[in-house]
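Trainee: sequence first, then the predicted structure:
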Amino acid sequence: MSVCTLLMFCVLPALVGGRASIDSEGTAFARQPGAVMARVGDPVVLNCRILRLGDRVVSWVRSRDLQILTHAGAVFTADARVTVTEAPWETDDGLDPEEWGGVVHLLRIDKVRLSDAGRYECQVNTEPKLSAFFNLTVIEDALPTVSVRMLGATAAAVEGGAVRLTCEARYDGAAAAVDALPALRVSWDRDGEVLDPQGSRGGVSLDTERWPGRTVSRLTLARVSSGDAGRYTCRVADVTASRDVRVTPMQPEYSDIDEELLESMQRDQAAARTGAAARSMPPAALLSALTALAAVFLT
């Protein structure tokens with residue numbers, strides 16, 4: 001995966017009108033990233049994914065000057081660096097491509113310049129018009145790389161308790177352009193299965209802090225059971241870091257004290273009570289008791 005593609009998947013998805021922008025006849029923009037970064041001189045591609053396009057027409061417009069770049073597959077600018085293509089697109093969420101009519105319109109700009117930065121609009125000629133927006137950032141430095149690592153010590157928990165995992169994601173080599181970089185999106189899974197705070201397990205919470213060029217995500221599991229043990233992975237696109245979580249069974253109270261020790265403790269307590277009772281007797285009563293006891297042994 002190229003660095004430019006990686007940066008597209010690092011950002012929070014930009015949705016038009018919620019999950020998708022849908023008109024009365026069902027045309028919709030699919031879930032897709034809305035921020036793209038490229039380096040001066042490199043090519044950049046903006047991908048506009050559309051469901052149920054039918055016979056409708058797609059246009060690309062540069063928002064800065066409202067320049068129509070392409071319309072219905074034809075290029076409307078004299079800039080030879082700009083091209084457009086259309087291709088079938090199978091959704092990544094299990095939708096039937098024939099039923100949903102998924103297509104992707106790709107706007108490509110070769111040898112990108114600093115002046116190409118800005119907002120681009122993918123339009124569909126429905127009534128009313130549908131639009132999806134893409135923000136292109138162009139930098140002169142080398143594109144940054146993304147690194148991900150787990151913070152803190154080895155994770156271990158006792159059944160019924162809680163465990164917290166902390167993951168840091170950051171851009172490396174991007175000091176000059178860190179403020180222009182899109183925010184990093186961290187996701188979590190356990191043994192390959194995505195963790196959902198709204199899932200049936202319950203007791204799963206995510207806390208995220210963001211700074212320019214850096215994100216820290218904390219995953220907390222409450223009421224841990226043996227089924228929560230496994231390898232936990234945090235990821236940004238295809239960059240990952242993992243940590244194994246061990247769960248220790250809860251020990252019953254006094255389970256580490258054997259029965260013989262308990263019996264010994266009980267005998268010592270009984271002897272202590274007997275001695276205390278004897279010490280509390282008046283002298284005359286104690287002498288009488290001893291005389292009676294001696295008489296028993298002498299008869």
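Mentor: That came through, no problem. Residues are numbered from 1 along each chain as shown.
Trainee: after the worst-scoring helix or strand of the chain on mean pLDDT, next one along is what?
Mentor: Every helix and strand in the chain was compared by mean pLDDT, DSSP states H and E; the lowest is strand 13-14, with a mean of 33. Counting by DSSP states H and E, the element after strand 13-14 in chain order, helix or strand, is strand 28-29.
Trainee: other SSEs contacting the helix or strand just after that following strand?
Mentor: As assigned by DSSP H and E, the chain's next helix or strand after strand 28-29 is strand 32-33. If you count contacts as 3 or more C-beta pairs under 8 Å, 6 or more residues apart in numbering; DSSP states H and E, strand 32-33 packs onto strand 13-14, strand 44-51. C-beta here means a position set from N, CA and C on the backbone, and glycine is covered the same way.
Trainee: how about a cut-off of 6 Å?
Mentor: Here strand 32-33 touches no other helix or strand, going by 3 or more C-beta pairs under 6 Å, 6 or more residues apart in numbering; DSSP states H and E.
Trainee: pLDDT of the helix or strand just after that strand, averaged?
Mentor: For strand 32-33, the following helix or strand on the C-terminal side (DSSP H and E) is strand 35-39. Confidence for strand 35-39, expressed as mean pLDDT, is 85.
Trainee: stretch 87-94 now?
Mentor: The model assigns stretch 87-94 a mean pLDDT of 62.
Trainee: again, but for stretch 66-81
Mentor: The average pLDDT within stretch 66-81 is 93.
Trainee: stretch 172-184 too?
Mentor: 70.
Trainee: got it, and stretch 134-152?
Mentor: 87.
Trainee: using PDB, write out every CA atom in that stretch.
Mentor: In PDB, the C-alpha atoms belonging to stretch 134-152 read as follows (Å, rounded to 0.1, in the frame of the first residue of the first chain):
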ATOM      1  CA  PHE A 134     -12.500  15.900  -0.800                       C
ATOM      2  CA  ASN A 135      -9.800  18.100   0.800                       C
ATOM      3  CA  LEU A 136      -6.400  17.800  -0.800                       C
ATOM      4  CA  THR A 137      -3.300  18.800   1.100                       C
ATOM      5  CA  VAL A 138       0.000  19.100  -0.900                       C
ATOM      6  CA  ILE A 139       3.300  19.300   0.900                       C
ATOM      7  CA  GLU A 140       6.900  19.800  -0.400                       C
ATOM      8  CA  ASP A 141       8.500  17.500   2.200                       C
ATOM      9  CA  ALA A 142       8.600  13.700   1.900                       C
ATOM     10  CA  LEU A 143       5.300  12.200   2.900                       C
ATOM     11  CA  PRO A 144       5.300  11.100   6.600                       C
ATOM     12  CA  THR A 145       5.200   7.500   7.700                       C
ATOM     13  CA  VAL A 146       2.800   6.200  10.300                       C
ATOM     14  CA  SER A 147       4.000   4.300  13.400                       C
ATOM     15  CA  VAL A 148       1.900   2.500  16.000                       C
ATOM     16  CA  ARG A 149       3.000   1.100  19.400                       C
ATOM     17  CA  MET A 150       1.600  -0.100  22.600                       C
ATOM     18  CA  LEU A 151       2.400   1.800  25.800                       C
ATOM     19  CA  GLY A 152       2.700   0.500  29.300                       C
END
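Trainee: buried sites along that stretch?
Mentor: Using 16 or more other C-beta atoms under 10 Å as the burial criterion, the residues of stretch 134-152 that qualify are 134-139, 143-144, 146, 148, 150.
Trainee: likewise stretch 199-213?
Mentor: 201, 204, 213.
Trainee: Leu221 - how many residues pack around it?
Mentor: For Leu221, the count of nearby residues is 23 (other C-beta atoms under 10 Å).
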